[in-house]
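>>> Structure here, sequence nowhere to be found:
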Ligand code: GCU
């Protein structure tokens, strides 16, 4: 953690110099638009054609238009600005202005966020969106006070499933002893360990080569990540167990937020919400496309039986007590809403 903090501080120094020169140079203005007053960075760790990246570009475009060209947001995709944890650290110091991140990465900084990504919490996508778009979702968007971050909107990231390199995961027993890559999140470590596997926390961009080299046996992610990061090439067995649905957030650094005139705040929030609706539409389409692509590539897709899924669910139940004991009322409210 200390090493990361130092790195974040150094990166902040470098970026601060970079963005100052960028702004004082006035950014680039399009024909008919003024020279931007603010040229801001946006970090995205997914590839260019991924739904969240397209959402980011839409967001930047909307903000540019609606501020009359005064605010230019430059999106850097494919993790060019660093992996998610370091992006969040840099944002807390104002070194990166905007980002889209997974709640798993955020929850080691903001532990309350674990609540919204507990295993088997949502019955389906509709249930998750009902919660995120309701009063509970709003409360969590407002819960970043004191962390140096401001939440703008929710993005979809579907359900996560396990996938393995050498042998398919068909039963709970198959998980035993497997080395499974997880996000750098205590909760996700606990999820995998509850199934009898050993958790290997690792950044997203390292997963392909770890699977290829055999330093891990399996990983877990949604269909579009599995497909677009080409993990299916090195881990051809995809088990649809849907153990978690991990929402994603568009964030802005609080330092940047304070620098921006109030008149832009509502515009930016509105553009974030519009881009989120767009991302959600793209997401639904991409899930299907990704599934088709990996099936066509010859991957084996394993649907867990209902009984086996129940065994996975039961094995993970103790984690609720460990991670959410202070939030049991919200958990119950969410579970109750899923029954309707
Ligand atoms: C998803 C998510 C990424 C995250 C990744 C991971 O793909 O969209 O933001 O980094 O999971 O497993 O690390």
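Nice, thanks for sending it over. Given the structure is predicted, the values throughout are model-derived calculations rather than measurements.

>>> check contacts around the closest residue to residue 121 other than its chain neighbours.
In space, and not counting its chain neighbours, residue 121 is closest to residue 334: 6.0 Å by CB to CB, 6 or more residues apart in numbering. For glycine as for every other residue, the C-beta is placed from the backbone atoms N, C-alpha and C. Applying CB atoms under 8 Å, 6 or more residues apart in numbering to residue 334 gives the contacts 121, 122, 131, 136.

>>> The last one contacts residue 333, correct?
Going back to what we said before, that points to residue 136. Yes - counting by CB atoms under 8 Å, residue 136 does reach residue 333; the two are 6.8 Å apart.

>>> remind me which residues of the protein are low pLDDT?
Across the chain, residues meeting the criterion (pLDDT under 70) sit at 1-28.

>>> Show me how it divides into domains.
Per the record, the chain has its domains at 31-158+247-288, 159-245+299-339, by automatic domain parsing.

>>> And stretch 289-305, end to end?
Start and end residues of stretch 289-305 are separated by 24 Å (CA to CA, to the nearest Å).

>>> ok, now how distant is the residue nearest to residue 121 from residue 187?
Relative to residue 187, residue 334 is positioned 16 Å away (CB to CB, to the nearest Å).

>>> go on, residue 82?
Counting by CB to CB, the gap from residue 82 to residue 187 is 22 Å.

>>> and if you look at residue 310?
For residue 310, the distance to residue 187 - CB to CB - is 21 Å.

>>> of the two, who's got more company?
A direct count of neighbours by other CB atoms under 10 Å for residue 310 and residue 187 places residue 187 higher, at 25 against 13.

>>> any idea how far that one lies from residue 117?
Applying CB to CB, the value for residue 187 to residue 117 is 7 Å.

>>> Equivalent analysis for residue 262, please.
32 Å.

>>> more neighbours, those two?
Legend: neighbour count by other CB under 10 Å for residue 262 and residue 117, higher for residue 117 (25 against 6).

>>> now the more buried one, nearest residue through space, not along the chain?
Nearest non-adjacent residue to residue 117 (CB to CB, 6+ apart): residue 246, at 4.4 Å.

>>> And for residue 311?
Excluding the flanking residues, the one nearest residue 311 by CB to CB, 6+ apart is residue 172, at 4.8 Å.

>>> cool, and residue 58?
Using CB to CB, 6+ apart, the nearest residue to residue 58 is residue 275, at 4.5 Å.

>>> mind listing what the one you found touches?
55, 56, 58, 59, 62, 153, 250.

>>> Looking at these, which one is closest to residue 69?
If you rank the contacts of residue 275 by distance to residue 69 using CB to CB, residue 62 comes first, at 12.3 Å.

>>> Give the buried residues for the helix or strand encompassing that closest one.
If you go by DSSP states H and E, residue 62 is part of helix 51-66. Going by neighbour count (16 or more other CB atoms under 10 Å), the buried part of helix 51-66 is 51-60, 62-64, 66.

>>> how about those in JSON lines, adding distance to the ligand?
Below are those laid out as JSON lines (distance: CB to the nearest ligand atom, whole Å):
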{"residue": "51", "distance to the ligand": "9"}
{"residue": "52", "distance to the ligand": "6"}
{"residue": "53", "distance to the ligand": "10"}
{"residue": "54", "distance to the ligand": "13"}
{"residue": "55", "distance to the ligand": "11"}
{"residue": "56", "distance to the ligand": "12"}
{"residue": "57", "distance to the ligand": "16"}
{"residue": "58", "distance to the ligand": "17"}
{"residue": "59", "distance to the ligand": "16"}
{"residue": "60", "distance to the ligand": "18"}
{"residue": "62", "distance to the ligand": "21"}
{"residue": "63", "distance to the ligand": "21"}
{"residue": "64", "distance to the ligand": "24"}
{"residue": "66", "distance to the ligand": "26"}
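
>>> which one among those gets closest to residue 74?
residue 60 (7.3 Å).

>>> nearest spatial neighbour of the closest one, skipping sequence neighbours?
residue 73 (3.9 Å).

>>> Quickly list what that neighbour is bridged to.
Note on residue 73: beta-bridge partners by DSSP bridges are residue 40.

>>> just to revisit the earlier point, what touches both of residue 187 and residue 117?
With CB under 8 Å, 6+ apart as the test, residue 187 and residue 117 both reach 104, 107.

>>> which bits of the stretch 151-300 of the chain sit near the ligand?
157, 183, 204, 221, 225, 248 (CB under 6 Å from any ligand atom).

>>> just how off-centre is the helix or strand hosting residue 290 within its chain?
In the assignment (DSSP H and E), residue 290 maps to helix 262-296. Put simply, helix 262-296 sits 12 Å off its chain's centre (CA atoms, centre = their mean, to the nearest Å).

>>> Give me the sheet partners of the following helix or strand past that helix and which way each runs.
Downstream of helix 262-296, the first helix or strand assigned by DSSP H and E is strand 300-303. Looking at strand 300-303 with DSSP bridges, its partner strands are strand 237-245 (parallel).
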